[in-house]
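Colleague: Any chance you can model this:
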Amino acid sequence: MSRTRPSLTFAVLALSAGSFATLQSLVVPVLPVIQTDLGTTTSGVTWTMTAWLISAAVATPLLGRVGDMVGKRRILVLALLAVALGSVVAAVAPTIGVLIGARIIQGLGGAMFPLAFGIIRDEFPAHRLPSAIGAIASIIAIGSGLGTVLAGPLADVLSWRGLFLVPAVFTVAGAVLAMLFIPESPTRAAGGVNPWSAVLLSGWLVALLLPLSTGAQWGWGSPAVIGLLVLAAVLLAAWILVELRSRTPLVDMRLMREHGVWTMNAAAVFVGASMFAVFAFFPRFVQTPVSTGYGLGASVAESGMLMLPMLVTMAVTGFLSGPLARWVGFRAQIVIAAGLMAVAAVSLGLLHSSLAEVAVASGVFGIGLGLVYAAITSVVVQSVPATQTGVASGMNANLRTVGSAIGAAVMTALVTGSTAADGLPTEAGYSDGFVVAGLLSAGALVVTVVAIVLMRASRIAAAVGDHAAVAAPIAGEPAQGIPGSAQHAPEQEQELVPAA
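Modeller: Numbering: from 1, shown residues only. The predicted structure is shown next:
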C-alpha cells in the first residue's frame, strides 16, 4: 500500500480515536436513566464506568505493545471492532450485568491511543510529526469532554440505548477505512509478551483502580479498600522486578528512566486527575439549583453550552501546539498550559457567581488542557525509539487514566463529604474540590520544570565531558574514563523541534 497519503491516514485516526474518547463521558449524564430502566442500584450503575475504566487501562499498554510487534493497523482494526461489538451489546443489554460486560469489551478500544501515535510516527514526515501528534492528542481530549455535551440531546432523541449505537457506527466506519487507507507498520518490535508481565500489570492496575473508583461507596477506611491498595503496591513492585529481569519486557524500564519519559508520565497523572475532576463535576456544579445560594440553576443543555468554550479552546490550542513548538518548546508549553489550568480551576472554585465567570474559566481551562495534552504526548513519542512508540505512549495514556481515577475519587470525597440539609453538596465542597484540581494542575507544572532542569544539566554535563575529552590529550592524559565525559553522560533526548 502506498505511504504517500498521511493526511488521509490522519483523518481515519482522528475519526477512530475521537469516537472512542467520547465513550469515557458519554454515559455519565444518562446514568440515572439507565439505573431506573434496568432496575439496579447506584452502586450497580456506577460499575458501567468502573468496568470501562479498568478495561481501557489494562488494554492500552498491552495491546499497544502487541501492535508494536505484529502490526499497528491490524490491532487498530481489531480494537475498533471490539468497541463496535461492545456498543451493540450495550444497546440491547437486558440487565446491568450484560451492560457492564459490554463496557469491558468497549474498553479494549483504549489501545487506539498508542496505536494512533505509533502510526503517525510511521507515516508522517519529520517536519509534520509534532503537528499531527498534537492534533490527535487534542481530538482525544475533546472527545473526552464532548461526550458529556452530546449525551443529553442525543439521549432525548435516541434513548440511552440508541446513544451506544452512535459510536458503533463510527468505529465500524473507522475499521473499514483503516483497512482501506492506512498502510501496515514498516517496523516491528523484537521479542514477545512476557505472560508474567502481562498478568502482574493487569493485576496492579485492577487492584489500584477498583478502590479508587468505588472507595466512596465502600468507605475509604474499609478493609476491602485498604487491602486492595496494599495488593496494588505489592503487585506493582513485583511487576517492576519481573520487567527488569525479563529478556522481552512488556515495558522497557530503561526507557521509563529517561527523564523525557518518566517526567511526562508523572505530569500525565497530575493532568488526568485535574482534567477528570473538572469534567466530571463541572456539569453538576452549574446545574445546582439557585435556591442553594451558590448554584447557577443551569439546565442540562445550558451546562453543555458552558462547556463549549472549554472544548473550542482545547481544539484550537491542541492543533497549534506543533507549529508553536518552533518558537516555544513543548516543555515550556506544558509549564504555561498547566499554569493556565491551575488558574482556571481555582477560579471556578472561588469566582462562580455568574455564568460569565464560569464560561471564562471554562475557556481558559480548555486552552491549557488542549496544549498540555498535545505537548506531553509529543515529548514522550520523540523520547523513545520508533519500535517503542506504542508501549511508551500507551503507558503515558494509562497513567493519565490512573490520574483520572484519582481526580474523580478526590473530587467525590470533597464534594459529597460536605452536604447541606437538603442533601445537596455545599458550596465549600465544590470550592475545595476545584481548588485541589488547580493544585493538581500545578503539580504537572512542577514536574515539567524539574524535567527542564534535568535536561539542561545533562546537556551541560555532556558539553563539559566533550571539552575534557578534547583537552586531555593535549595535557598528555588519556581521554577515556573521565567522569562526566560524553562517553559516560546520560543519553540525550532527541527532539524534532527546539526544546524548552
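
Colleague: Flag the shaky bits of the protein, pLDDT-wise.
Modeller: 1-4, 42, 190-191, 465-500 (pLDDT under 70).

Colleague: tell me the domain boundaries of it?
Modeller: Per the record, the chain has its domains at 1-189, 194-249, 252-500, by automatic domain parsing.

Colleague: Including mean neighbour count, could those go into TSV?
Modeller: To be clear about C-beta, it is placed using only N, CA and C from the backbone, and glycine gets the same treatment. Converted to TSV, the domains of the chain look like this (neighbours: other CB atoms under 10 Å):
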stretch	mean neighbour count
domain 1-189	21
domain 194-249	17
domain 252-500	20
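
Colleague: Excluding covalently adjacent residues, which one is nearest to residue 440?
Modeller: residue 274 (4.1 Å; CB to CB, 6 or more residues apart in numbering).

Colleague: Do a quick rundown of the helices in the stretch 301-450 of the chain.
Modeller: With DSSP state H, counting those that start in this stretch as the criterion, the stretch 301-450 of the chain has helices at 330-350, 355-382, 389-416, 427-474.

Colleague: and of those, who's closest to residue 70?
Modeller: helix 389-416 (10.7 Å; CB to CB).

Colleague: From the chain's centroid, how far away is stretch 360-369?
Modeller: 17 Å (CA atoms, centre = their mean, to the nearest Å).

Colleague: from here on, count from 44
Modeller: With 44 as the first residue, the last one maps to stretch 403-412.

Colleague: who's in contact with that stretch?
Modeller: 184, 314, 318, 321, 325, 349-357, 359-360, 379-388, 390-391, 394-395, 484 (CB atoms under 8 Å, 6 or more residues apart in numbering).

Colleague: residue contacts, the residue lying closest to residue 68 once chain neighbours are set aside?
Modeller: Take residue 68 and drop its neighbours on the chain: the residue closest to it by CB to CB, 6+ apart is residue 190, 3.7 Å away. Listed by CB under 8 Å, 6+ apart, the contact set of residue 190 reads 64, 65, 66, 67, 68, 69, 70, 71.

Colleague: would you turn these into a markdown table with distance to residue 343 and secondary structure?
Modeller: Shown next, in a markdown table, are the contacts of residue 190 (distance: CB to CB, whole Å; DSSP: H, G, I helix; E, B strand; the rest coil):
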| residue | distance to residue 343 | secondary structure |
| --- | --- | --- |
| 64 | 21 | helix |
| 65 | 17 | coil |
| 66 | 19 | helix |
| 67 | 18 | helix |
| 68 | 14 | helix |
| 69 | 14 | helix |
| 70 | 14 | coil |
| 71 | 11 | helix |
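
Colleague: Now flag whichever of the residues you listed is closest to residue 98.
Modeller: Closest approach to residue 98 among those (CB to CB): residue 66, at 10.8 Å.

Colleague: Quick check: the closest one vs residue 387, distance?
Modeller: 25 Å (CB to CB, to the nearest Å).

Colleague: Residue 250 now?
Modeller: In terms of CB to CB, residue 250 sits 33 Å off from residue 387.

Colleague: Could you do residue 494 as well?
Modeller: For residue 494, the distance to residue 387 - CB to CB - is 23 Å.

Colleague: Verify the stated contact: residue 146 with residue 91.
Modeller: Yes. With contact defined as CB atoms under 8 Å, residue 146 counts as touching residue 91 (5.1 Å).

Colleague: who's in contact with the residue lying closest to residue 152 once chain neighbours are set aside?
Modeller: Closest residue to residue 152 apart from its sequence neighbours, by CB to CB, 6+ apart: residue 126 at 3.8 Å. Neighbouring residues of residue 126 by CB under 8 Å, 6+ apart: 62, 63, 66, 148, 149, 151, 152, 210, 211, 214.
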